[in-house]
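Enquirer: I'll drop the sequence and a predicted model, then ask my questions.
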Amino acid sequence: MELRTFVGPDLKETLARVKRELGPEAVILSTQSRRPAGGRHNWRLREIEVVAAVPPGSLPESGRPPEGDHSREGLSPLLSALHQELREVKSLLSRRLAEDPAPAWLQAYPEAAAFFHRLAAAGLSALVRGRWLAQVRPLLKGTRGPEQEQQAALQALRRLVPVSPGESAPPGGPRRVVLVGASGVGKTTTLAKLAIKAALVEGRRVGLISLDQERLGAVEQVGSFARLAGLPCQAATDRQELLRCLETLKDCEDIFIDTPGFNPCRPGLGEHLRRLLGGLPVVCHLLLPAPASEAHLALTLQAFATVSPATVILTKVDETQEVTGCVNQLCHRNLPVSYLTTGPRVPEDLEPASASRLAALVLTSRRPEAIWSRVPPSCEEVVLHAD
Ligand SMILES: Nc1nc2c(ncn2[C@@H]2O[C@H](COP(=O)(O)OP(=O)(O)OP(=O)(O)O)[C@@H](O)[C@H]2O)c(=O)[nH]1
Ligand SMILES: [Mg+2]
């Protein structure tokens, strides 16, 4: 065993030196606080002496511990495994960055280049990042300093995410809104939120129709909500009945129509939806659950394409930490988002979509430390609070 003595002004700094010079195998034999030589006249002055030992032959000529893998010999198996995993993640990351590097012109703007990599880490697809690059390039010209670069980067991100206000009512005209989507995505709950908002906040005459005769209790669900809210309600099973219900409620300024959950994998779904809703004076909105996988979202968008949804309502945003799969799919298809739903409460958990809010959600995607209830409403705040 080889012994070494270290002296320093405090314990923390002295132990750090021991670790630095002898490596993780060093064993601390003693620590001692003492008055330094020549410090007789200042009784407050103290220094720390640490005696440490290492196994014989483990110190190189210079007294420094060997570099590289040898420095890991003293680590526990768990730490070694973590170390190995970190190395693999690092090499995977550098391979990915090499495959999809930022373009050379972006290197002139370090802040924007860092933003580009942040978008990649959040999960935005190469295609969407390509669109961001096309947007940001003219905005970066003439910028001075990191702050202006950051503003340009944010502006390009906000422009990227398509949003559409409200339920796309024709100006002054009646709204005939159909909510479609897979089962359990929040159609009936969102219908109730929209109906309450229209009736109580906007003061419009609102009626409801349930087209969902498939699920047990679905008509009753809409009916009892209508009774509570004091709204007229009709139920239909097919296109002819739906037309009759629309006629019955013709004095309503807004009619919200609930549909059954359609399985996007069901063969012939497109044809079924076309026969049910095609050519009717209604606007369809597709509900997509934000926590679903990107593959499932792509499948759903494909399956409901025959009803040409005017907008997408992103539901259950509160149940996920990653919205980039949705954003990728919506950018690919140029489909705007009209609302976000952020919980089951009627009518509170409904937000009109905004470019700034969606950009904020993109920037906090795949960041486990992001806590949704504390997500700032704007992307500027997200960037400001970024580490
Ligand atoms: N966390 C969370 N839950 C929600 C949200 N929206 C709806 N829910 C809940 O999701 C469940 C299903 O909601 P529904 O509105 O019945 O869904 P649906 O699409 O009408 O379902 P089907 O009619 O069976 O196809 C209910 O428990 C709702 O309370 C949301 O934004 N966040
Ligand atoms: Mg329902």
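Expert: Cool, the structure landed. Residues are numbered from 1 along each chain as shown. Ligands and ions are numbered 1, 2, ... in the order given.
Enquirer: Could you list the contact residues of this structure toward ligand 1?
Expert: Taking C-beta under 6 Å from any ligand atom as the contact definition, the chain meets ligand 1 at 183-189, 212, 215, 218, 261, 315-316, 318-319, 341-344, 349. All C-beta spots, glycine's among them, are computed from the backbone N, C-alpha and C.
Enquirer: Try it again at 5 Å.
Expert: Residues of the chain lying close to ligand 1 (C-beta under 5 Å from any ligand atom) are 183-189, 261, 315-316, 319, 341, 343-344.
Enquirer: And these, which is the shakiest by pLDDT?
Expert: Minimum pLDDT for the residues of the chain next to ligand 1 is recorded at residue 319 (91).
Enquirer: What sits closest to it if chain neighbours are left out?
Expert: residue 291 (4.8 Å; C-beta to C-beta, 6 or more residues apart in numbering).
Enquirer: The protein: helices as residue ranges?
Expert: Remark: helices assigned in the chain by DSSP state H are 11-22, 77-99, 110-122, 126-140, 145-160, 187-196, 218-229, 239-248, 269-277, 294-303, 324-333, 355-363, 379-384.
Enquirer: ok, now how distant is the residue of the chain found nearest ligand 1 from residue 8?
Expert: Closest approach between the chain and ligand 1, counting by C-beta to the nearest ligand atom: residue 261, at 2.6 Å. For residue 261, the distance to residue 8 equals 68 Å [C-beta to C-beta, to the nearest Å].
Enquirer: for residue 182, same thing?
Expert: Distance from residue 182 to residue 8, by C-beta to C-beta: 65 Å.
Enquirer: Who has more neighbours out of the two?
Expert: Per other C-beta atoms under 10 Å, whichever of residue 182 and residue 8 has more neighbours is residue 182, with 22 against 16.
Enquirer: Show the model's pLDDT score for the more buried one.
Expert: 96.
Enquirer: Which residue would be the closest one in the stretch 51-200 of the chain to ligand 2?
Expert: residue 188 (3.3 Å; C-beta to the ion).
Enquirer: Low-confidence ranges, the chain, go.
Expert: 1, 37-45, 56-75, 91, 93-100, 166-173, 368-387 (pLDDT under 70).
Enquirer: Quick check: residues of it near ligand 2?
Expert: When proximity is defined as C-beta under 5 Å from the ion, the chain approaches ligand 2 at 187, 188.
Enquirer: go with 6 Å
Expert: 187, 188, 212, 218, 258 (C-beta under 6 Å from the ion).
Enquirer: Show the buried residues in the residues you listed.
Expert: Buried subset of those (neighbour count, 16 or more other C-beta atoms under 10 Å): 187, 188, 212, 218, 258.
Enquirer: quick one on the thing from earlier: correct me if wrong: the residue of the stretch 51-200 of the chain closest to ligand 2 contacts residue 220.
Expert: No - Residue 188 is beyond contact range of residue 220, at 11.0 Å (criterion: C-beta atoms under 8 Å).
Enquirer: biggest separation within the buried ones among the residues of the chain next to ligand 2, which pair?
Expert: 187 and 218 (9.7 Å; C-beta to C-beta).
Enquirer: which residues do the two both contact?
Expert: Listed contacts common to residue 187 and residue 218 are residue 258; contacts here mean C-beta atoms under 8 Å, 6 or more residues apart in numbering.
Enquirer: and the nearest residue to residue 242 once chain neighbours are set aside, what is it in contact with?
Expert: Spatial nearest neighbour of residue 242, chain neighbours left out: residue 236 (4.3 Å); criterion: C-beta to C-beta, 6+ apart. Neighbouring residues of residue 236 by C-beta under 8 Å, 6+ apart: 209, 210, 211, 242, 244, 245.
Enquirer: can you list the helices of the chain in CSV and add distance to residue 35?
Expert: Output for these, formatted as CSV (distance: least, C-beta to C-beta, whole Å):
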stretch, distance to residue 35
helix 11-22, 16
helix 77-99, 39
helix 110-122, 50
helix 126-140, 61
helix 145-160, 50
helix 187-196, 73
helix 218-229, 80
helix 239-248, 93
helix 269-277, 85
helix 294-303, 67
helix 324-333, 61
helix 355-363, 55
helix 379-384, 49
